[in-house]
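Got a predicted structure plus its sequence, pasted below:
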Amino acid sequence: MRASGSGWGGGHLVVNGHVPLPRRHFRETVFWRQFRRNQLALAGGAVVLVLSLAALLAQWLAPYDPSAYDVKQILLAPSFAHWLGTDQIGRDVLSRMLYGARISMAVGFVSVGIAVVVGTVIGSVAAYYGGRVDELLMRFVDLMLNFPRLFLLLTLIALLRPSIWIIMAVIGLTGWMGLARLVRGEILSLKEREFVLSARALGALDRRIMFRHILPNALVPVLVSATLGVAGAILAESGLSFLGLGVQPPTPSWGNILNEGRANIEIAWWLSVFPGMAILVTVLAYNLLGEGLRDALDPR
């Protein structure tokens, strides 16, 4: 096996005299080969895909209006008419679970997106410029890490009016510190590499060096961390909704469905079991997917 051409993204890879493969195609082939060997990661990815499709297609998949109630069908056990039963005012639990998946997925992706942007910017600036800038930003990160996240979440939500957008912002703005440290560590190692030193010697601007040469090479661990972070964000939103500080009724979310079922757990077990299982399966699926991505993208 030998390489032809030069550069990170260019050139070809000749394997045993066969037709040369582009380097990018070769890396994608190696990644997929490694990823599909991990059966748990494949299962996690399949579950994430199914849940995402269910959330996107909720209005077509839900058999009933999630807000429609019927006092004649209060606390009905699972049946062919209501696969997951009904709640304390006769609403279909399956329909509410499907619409609740939208909330959970939206909170997970948006809040992690906020955390990735904030963490990447702070970690990149701290690592690239170093010195007092690095010292100041890292002490700020340490200060934020000293606050227990749960108490910080509860305090901010209690001071602000609970809404889905506030919850997304609060979860994202309290979860970027680990990403900042991760990005800082990656960039500290990358900025001393030959291709960065060459670009700096050729007079490239800091902005070009950062966005063209350093950040693209530091995104792999960020991708893995973001995948794992979605699970944590979904769990955080469910916990807040369970405590009554998250998504407010009548908007369905897995957390507030679980909270509503708490008062009737002895006579209506399905109100607690099904949303609890949905949270468990979703968090587990994202964790398995993240672990699989980390193993497949590991350069070693």
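Sure, I can see it.

ok, Gln73 - contacts?
For Gln73, the contact set (C-beta atoms under 8 Å, 6 or more residues apart in numbering) comprises 82, 86, 90. C-beta: built from backbone N, CA, C; applies to glycine.

in which helix or strand would I find the residue lying closest to Asn256 once chain neighbours are set aside?
Nearest non-adjacent residue to Asn256, counting by C-beta to C-beta, 6 or more residues apart in numbering: Ser241, 4.4 Å away. Secondary structure assignment for Ser241, by DSSP states H and E: helix 215-242.

now swap in Gly172 and tell me
Assigned by DSSP H and E, Gly172 falls in helix 164-173.

Repeat that for Leu137.
Leu137 belongs to helix 131-145, assigned by DSSP H and E.

Next secondary structure element downstream of that helix?
Tracing the chain past helix 131-145, the next element assigned as helix or strand by DSSP H and E is helix 149-159.

who does that following helix touch, helix- and strand-wise?
Helix 149-159 makes packing contacts with helix 164-173, helix 215-242 when contacts are defined by 3 or more C-beta pairs under 8 Å, 6 or more residues apart in numbering; DSSP states H and E.

helix/strand/coil for the closest residue to Val93 other than its chain neighbours?
In this structure, Val93 finds its nearest non-sequential neighbour in Leu84, 4.0 Å apart by C-beta to C-beta, 6+ apart. Put simply, Leu84 is coil when judged by DSSP: H, G, I helix; E, B strand; the rest coil.

Model confidence score at Leu84, please.
Leu84 is assigned 93 on the pLDDT scale.

how much space is there between it and Ser272?
Using C-beta to C-beta, to the nearest Å, Leu84 is found at 12 Å from Ser272.

what do you get for Asp206?
According to C-beta to C-beta, Asp206 stands 54 Å off from Ser272.

so where's this structure uncertain?
Applying pLDDT under 70 to the chain flags the ranges 1-28, 298-300.

ok so, going back, settle this for me: the residue nearest to Asn256 is touching Ser253, isn't it.
Yes: using C-beta atoms under 8 Å, Ser241 makes contact with Ser253 at a distance of 4.8 Å.

Could I get the phi/psi values of Asn146?
Asn146 adopts backbone torsions of phi -70, psi -20, taken as degrees, to the nearest 10.

My error: substitute Arg200 in the last question.
Main-chain torsions, Arg200, degrees, to the nearest 10: phi -70, psi -40.

Tell me, how many residues neighbour the nearest residue to it once chain neighbours are set aside?
Computed as C-beta to C-beta, 6+ apart, the closest residue to Arg200 that is not its neighbour in sequence is Ile209, at 6.3 Å. Residues lying near Ile209 (other C-beta atoms under 10 Å) number 19.

Now do the contacts for Ile209.
For Ile209, the contacting residues are 196, 199-200, by C-beta under 8 Å, 6+ apart.

from what I can see Gly261 touches Leu84, true?
No: applying C-beta under 8 Å as the test, Gly261 and Leu84 come out as separate, 11.1 Å apart.

shared neighbours of these two, which are they?
Trp270.

quick revisit: compare the helices and strands packed on helix 149-159 and report which one is nearest to Leu51.
helix 215-242 (10.1 Å; C-beta to C-beta).

what's that closest one packed up against?
Contacts defined by 3+ C-beta pairs under 8 Å, 6+ apart place helix 215-242 against helix 93-129, helix 149-159, helix 164-173, helix 177-190, helix 254-262, helix 270-297.
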